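> give the three-dimensional model of this entry:
(one chain, ligands or ions: 2)
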Amino acid sequence: MTYVSFPASRKKDFTAIGRLCIDLNANEINRPMEETMTFTKYVGGSPANITIGMSRLGMETAFIGKIAGDQMGRFIQSYLEKNGIDTSNVVTDNTGAVTGLAFTEIKSPTDCSILMYRDNVADLLLQASEVQEQLIADSKVLLISGTALAQSPSREAVIQALTYAKKHSTIIVFDLDYRPYTWTSDEETAVYYNLAAEKCDIILGTREEFDMMETFENNPDHNDQVTAQKWFDFSAKIVIIKHGKEGSIAYTREGLSHRANSYPARVVKTFGAGDSYAAGFLYGLMQGWTIERSMSYGSAAASIVISSHSCSDAMPTVEQVDDYIERCNRGEIVPS
Ligand SMILES: Nc1ncnc2c1ncn2[C@@H]1O[C@H](COP(=O)(O)OP(=O)(O)OP(=O)(O)O)[C@@H](O)[C@H]1O
Ligand SMILES: O=C(O)C[C@@H](O)[C@H](O)C(=O)CO
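Residues are numbered from 1 along each chain as shown. Ligands and ions are numbered 1, 2, ... in the order given. All right, here's what the predicted structure looks like:
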């Protein structure tokens with residue numbers, strides 16, 4: 001059964017809009033930030049990570065965003081290009097804005113957190129007039145991520161991108177990617193998330209992210225089916241609710257639900273799970289696979305990334321995901 005019909009014969013499989021940042025991941029793992037002395041620099045930002053993941057899986061990809069006009073911005077641009085991502089709609093800021101930094105603290109495989117530096121960041125300065133309609137018209141999928149809705153003018157840029165995607169029947173994926181630090185109130189967050197989600201064909205988020213969107217609603221038991229059902233009255237065809245190590249559940253407009261278990265992992269850190277899951281899942285769906293197989297592929301990709309030090313740099317290729325699944329099936333990977 002086909003749940004989502006991706007447009008045929010477009011130049012790009014996948015385009016994302018949103019933040020391009022730097023991750024500084026602690027080298028001394030299993031220590032608090034206060035005692036961490038050195039970090040390794042990687043490209044970061046959830047939509048950037050997902051795009052890198054799609055590109056590693058062999059998809060034709062592009063990015064719409066804004067980078068700082070400095071060494072960090074050039075590092076990001078060059079990394080995207082080395083990964084085969086079209087950067088023709090990556091705009092360079094000329095106002096002196098900076099690159100967002102995410103310092104990651106890895107206290108233990110289950111206790112990780114991110115310390116964000118996001119004052120005057122270039123990614124939130126993308127303007128609606130800078131979004132190229134033709135690129136969205138040429139893409140099968142547009143992925144938006146919630147953080148870009150947090151402030152103007154990036155908020156308007158995303159809404160304009162949604163308008164272009166609707167006009168050209170580009171499939172819209174919403175990765176909720178809720179990061180509280182960029183928002184000023186729960187009410188503001190819920191209102192903008194809900195407005196954007198109404199336009200989206202596929203919505204992916206954690207239970208906590210959907211809870212935030214339900215600030216004005218009545219779902220006292222945090223019931224996944226109640227959460228998903230609401231979106232089928234709008235544009236959604238698939239809603240996925242992720243539950244960390246417990247796996248994920250997908251609901252479809254036809255009233256079906258599918259569960260996926262997580263794969264075993266020798267966890268180094270937990271962040272990056274959602275981004276790699278999204279890339280693996282969307283890749284599978286775009287190959288015409290079943291929802292179950294696509295979710296399982298996303299889960300395997302997630303286990304690979306959380307078993308690695310980075311998010312972007314660890315995004316796996318098809319061969320790596322296939323190999324991981326085979327090794328798990330042979331019982332060769334035992335969780336840490
Ligand atoms: N500890 C774990 N062990 C194995 N797989 C995991 C683990 N944590 C997450 N995953 C896998 O990653 C998928 C997405 O994880 P999660 O629900 O944590 O998303 P997320 O919160 O968006 O991730 P992130 O931490 O990147 O923000 C899960 O459905 C599962 O397949
Ligand atoms: O999304 C961010 O800004 C930080 C990410 O790059 C980080 O690696 C992460 O949290 C992935 O989900």
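> quick one: name the residues of the stretch 1-150 of the chain near ligand 2.
21, 23, 44-46, 49, 102, 114 (Cβ under 6 Å from any ligand atom). No exception for glycine: its C-beta is placed from N, CA and C like everyone else's.
> let's see which of the residues you listed end up in helices.
Within these, residues falling in helices by DSSP state H are 46, 49.
> from the residues of the stretch 1-150 of the chain next to ligand 2, which is closest to ligand 1?
residue 46 (7.4 Å; Cβ to the nearest ligand atom).
> number of residues surrounding the closest one?
27 (other Cβ atoms under 10 Å).
> stretch 287-303 close to ligand 1?
Yes: residues of stretch 287-303 are located near ligand 1 by Cβ under 6 Å from any ligand atom, namely 299, 302-303.
> so residue 249 is in which element?
strand 248-252 (DSSP states H and E).
> direction included, what does that strand pair against?
Sheet pairing for strand 248-252, assigned by DSSP bridges, gives strand 238-242 (antiparallel), strand 257-260 (antiparallel).
> most packed of these?
Of all the strands paired with strand 248-252, strand 238-242 carries the top mean neighbour count, a mean of 26, counting by mean count of other Cβ atoms under 10 Å.
> please see if it touches ligand 1.
Yes: using Cβ under 6 Å from any ligand atom, strand 238-242 comes into contact with ligand 1 via residue 242.
> can you check stretch 105-121 too?
No: using Cβ under 6 Å from any ligand atom, no contact is recorded between stretch 105-121 and ligand 1, whose separation bottoms out at 7.2 Å.
> can you tell me what sits against that stretch?
By Cβ atoms under 8 Å, 6 or more residues apart in numbering, the surrounding residues in contact with stretch 105-121 are 19, 21, 25-26, 29-33, 36, 68, 96-104, 124, 179, 181-182, 267-271, 336.
> that one: how far from the chain's middle?
Its chain's C-alpha centre and that of stretch 105-121 lie 17 Å apart, by Cα atoms, centre = their mean, to the nearest Å.
> what residues are up against the closest residue to ligand 1 within the stretch 151-300 of the chain?
Across the stretch 151-300 of the chain, the shortest distance to ligand 1 (Cβ to the nearest ligand atom) belongs to residue 274, at 2.1 Å. By Cβ under 8 Å, 6+ apart, the contact list for residue 274 reads 46, 175, 177, 204, 206, 242, 302.
> got these as TSV, with secondary structure and pLDDT columns?
As requested, the contacts of residue 274 are exported to TSV (DSSP: H, G, I helix; E, B strand; the rest coil; pLDDT from 0 to 100):
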residue	secondary structure	pLDDT
46	helix	98
175	strand	98
177	coil	95
204	strand	98
206	strand	98
242	strand	98
302	helix	98
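> out of those, what pair is the most spread apart?
Pairwise distances across these (Cβ to Cβ) peak at 14.8 Å, for the pair 177 and 302.
> higher neighbour count, these two?
residue 302 (29 against 26).
> and that one, how far is that from residue 73?
29 Å (Cβ to Cβ, to the nearest Å).
> leaving out sequence neighbours, find the closest residue to residue 138.
residue 11 (4.4 Å; Cβ to Cβ, 6 or more residues apart in numbering).
> and what of residue 160?
Per Cβ to Cβ, 6+ apart, closest to residue 160 is residue 128, 3.9 Å.
> right, and the one you found touches residue 154 too?
No: using Cβ atoms under 8 Å as the test, residue 128 is too far from residue 154 to be in contact (9.3 Å).
> hmm, back to that, so which of the contacts of residue 274 comes closest to residue 326?
Nearest to residue 326 out of these is residue 302 (Cβ to Cβ; 16.8 Å).
> give the burial count for whichever residue of the stretch 51-200 of the chain sits closest to ligand 2, as a bare number.
Ligand 2 sits closest to residue 102 of the stretch 51-200 of the chain, with a gap of 4.1 Å, by Cβ to the nearest ligand atom. Other residues within reach of residue 102, judged by other Cβ under 10 Å, total 22.
> okay, it and residue 56: tell me how far apart.
20 Å.
> look at the residue nearest to residue 138 and report its pLDDT.
As predicted, residue 11 sits at a pLDDT of 97.
> what is the burial count for residue 179?
Neighbour tally, residue 179, other Cβ under 10 Å: 18.
> so what's it closest to, chain neighbours aside?
Nearest to residue 179 is residue 147, by Cβ to Cβ, 6+ apart, at 5.1 Å.
> report the contact partners of the one you found.
Residue 147 neighbours (Cβ under 8 Å, 6+ apart): 18-19, 46, 177-179, 182.
> contact residues of this protein facing ligand 1?
Residues of the chain lying near ligand 1 (Cβ under 6 Å from any ligand atom): 206, 242-245, 247-248, 262, 265, 267, 270-275, 277, 299, 302-303, 306.
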